[in-house]
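# here is my input; please provide its structure:
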Amino acid sequence: MRFWGKKLLLGLIVMTCVGVSRGQTEYKSLYQAIYRTYYDSVTGLYMETNNKAADEHPHSYLWPLCALVQAANEMEVLHPGRPYLEPVMKAIDQYYSVKHGIAGYDSYVVKQGGGDRFYDDNQWIGLAYMDAYARTRRKVFLEKSVEIYRFMMSGYDTVTGGGLYWKEGDKSTKNTCSNGPGILLALDLYRATGEKPYLDTALVLYDWVNKVLQSPSGVYYDNIRTKDGKIARQFYTYNTGTMLQANVILYTLTKKAAYLDEAHRLAAAGLKTFFKNGRWPGNYWFNAVLLRGYQDLYLLDKDKTYIEAFIKDADGIRDTETDAYGLAGPGKTKKLLDQAGLLEILARLAEVNAVQ
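Residues are numbered from 1 along each chain as shown. All right, here's what the predicted structure looks like:
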């Protein structure tokens with residue numbers, strides 16, 4: 001199965017003429033490959049990779065499910081009424097725990113030993129559930145997201161001037177990857193409930209991230225070390241993605257031009273920093289989070305520059321990183337995280353073309 005990129009775009013254009021989308025067939029094929037390769041129907045859990053013998057545990061960590069749950073939401077956007085989210089939610093429930101009086105999701109299956117709880121893992125799930133709530137108005141999605149918000153706020157203090165830690169019980173760093181999605185979750189809850197404290201939280205976190213972790217070019221550093229204030233200066237696509245999306249949402253809420261201007265600045269900086277020789281960096285899921293920001297911006301300005309970069313990257317994945325079984329990623333071992341990230345990308349490209 002070789003697909004995506006320009007072939008995906010062509011398929012979606014054909015759909016408008018003859019009602020048949022090759023693009024839809026292709027992302028459906030990836031979805032089917034995921035369930036054929038990674039899903040354990042006996043336990044309702046998933047495998048970390050396609051090489052079970054080499055995996056650290058019998059089933060996946062939570063992180064790949066953070067990607068898969070968002071991809072499943074995008075499948076439901078494209079196919080309303082289909083229960084793509086249901087199996088992923090049931091799996092995620094098996095990571096649920098209450099510790100120190102606070103509910104959240106462990107990094108590994110609780111009945112198989114559990115693990116640490118990461119604020120960002122929980123936030124990614126909350127964001128997918130809030131997207132699902134916006135579509136369906138099912139209270140379970142809102143209730144779970146509120147619970148995740150409470151968990152994430154247990155990781156807030158004023159060390160380094162504010163911000164959320166990355167991992168429960170570990171106060172060594174505060175990361176963009178736990179604050180960017182924290183902003184988005186707070187904004188989603190504000191949009192859903194109208195309760196101002198959520199907006200206040202979003203703005204406090206937004207100001208802190210921009211003050212402490214934004215580089216002069218616009219893209220974001222990885223983290224700040226609390227003991228000495230040292231900045232880890234690595235750049236990752238998903239950190240730019242969350243903050244780009246935050247600016248777009250803040251603009252839609254406030255109509256303040258400064259947020260839209262910043263969104264355009266971040267979008268250009270992201271392309272300049274990360275898009276090299278027709279490719280985004282190798283982590284598909286990080287790039288899927290970046291695409292979320294570009295997709296939201298596209299809905300405002302209809303500039304396809306950044307979307308076209310993702311189409312070109314998909315061509316590269318198709319041509320050089322896809323095996324005979326339809327699984328993508330470098331090397332023979334194919335990660336669930338990569339498949340889920342790519343599935344989200346393909347679904348979002350389909351969404352963009354569906355609303356033209």
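# ok, then the element right after the helix or strand harbouring residue 240?
Assigned by DSSP states H and E, residue 240 falls within helix 237-254. Sequence-wise, the next helix or strand beyond helix 237-254 is helix 257-274, with elements assigned using DSSP H and E.
# residue 49: neighbour count?
One way to gauge burial is a neighbour count; for residue 49, by other C-beta atoms under 10 Å, it gives 24. Using the backbone N, CA and C atoms, a C-beta is placed for each residue, glycine as well.
# coming back round to it: tell me what the helix holding residue 240 is packed against?
Judged by 3 or more C-beta pairs under 8 Å, 6 or more residues apart in numbering; DSSP states H and E, the packing partners of helix 237-254 are helix 176-193, helix 196-212, helix 257-274, helix 284-301.
# go again using 7 Å as the cut-off
Using 3 or more C-beta pairs under 7 Å, 6 or more residues apart in numbering; DSSP states H and E as the contact test, the elements touching helix 237-254 are helix 176-193, helix 257-274, helix 284-301.
# which secondary structure elements does the last one contact?
The helices and strands touching helix 284-301, judged by 3+ C-beta pairs under 7 Å, 6+ apart, are helix 237-254, helix 257-274, helix 305-320, helix 336-354.
# re earlier: and the helices and strands packed on helix 237-254 as a markdown table, adding distance to residue 156, mean pLDDT and mean neighbour count?
Below are the helices and strands packed on helix 237-254 laid out as a markdown table (distance: least, C-beta to C-beta, whole Å; pLDDT from 0 to 100; neighbours: other C-beta atoms under 10 Å):
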| stretch | distance to residue 156 | mean pLDDT | mean neighbour count |
| --- | --- | --- | --- |
| helix 176-193 | 8 | 99 | 25 |
| helix 257-274 | 23 | 99 | 18 |
| helix 284-301 | 22 | 99 | 23 |
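# quick one, which of the ones you listed is nearest to residue 47?
Evaluated over the helices and strands packed on helix 237-254, closeness to residue 47 peaks at helix 284-301, with 16.3 Å, by C-beta to C-beta.
# restricting to C-alpha, output the closest one in PDB.
Coordinates of the C-alpha atoms in helix 284-301 are reproduced here as PDB (Å, rounded to 0.1, in the frame of the first residue of the first chain):
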ATOM      1  CA  TYR A 284       5.100  12.000  12.600                       C
ATOM      2  CA  TRP A 285       3.100  12.600  15.800                       C
ATOM      3  CA  PHE A 286       5.000  15.700  16.700                       C
ATOM      4  CA  ASN A 287       4.300  16.900  13.200                       C
ATOM      5  CA  ALA A 288       0.600  16.100  13.500                       C
ATOM      6  CA  VAL A 289       0.400  18.400  16.500                       C
ATOM      7  CA  LEU A 290       2.100  21.100  14.400                       C
ATOM      8  CA  LEU A 291      -0.500  20.500  11.700                       C
ATOM      9  CA  ARG A 292      -3.300  21.100  14.200                       C
ATOM     10  CA  GLY A 293      -2.100  24.700  14.500                       C
ATOM     11  CA  TYR A 294      -1.700  25.100  10.700                       C
ATOM     12  CA  GLN A 295      -5.100  23.700  10.100                       C
ATOM     13  CA  ASP A 296      -6.700  26.100  12.500                       C
ATOM     14  CA  LEU A 297      -4.900  29.000  10.900                       C
ATOM     15  CA  TYR A 298      -5.900  27.800   7.400                       C
ATOM     16  CA  LEU A 299      -9.500  28.000   8.400                       C
ATOM     17  CA  LEU A 300      -9.000  31.700   9.100                       C
ATOM     18  CA  ASP A 301      -6.800  32.800   6.200                       C
END
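# as TSV, the helices and strands packed on helix 237-254 with distance to residue 310 would be great.
Compiled in TSV, the helices and strands packed on helix 237-254 are given as follows (distance: least, C-beta to C-beta, whole Å):
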stretch	distance to residue 310
helix 176-193	19
helix 257-274	11
helix 284-301	6
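# and the helix holding residue 240 with helix 176-193, angle?
Counting by axes from the mean of the first three to the mean of the last three C-alpha atoms, to 10 degrees, helix 237-254 lies at 30 degrees to helix 176-193.
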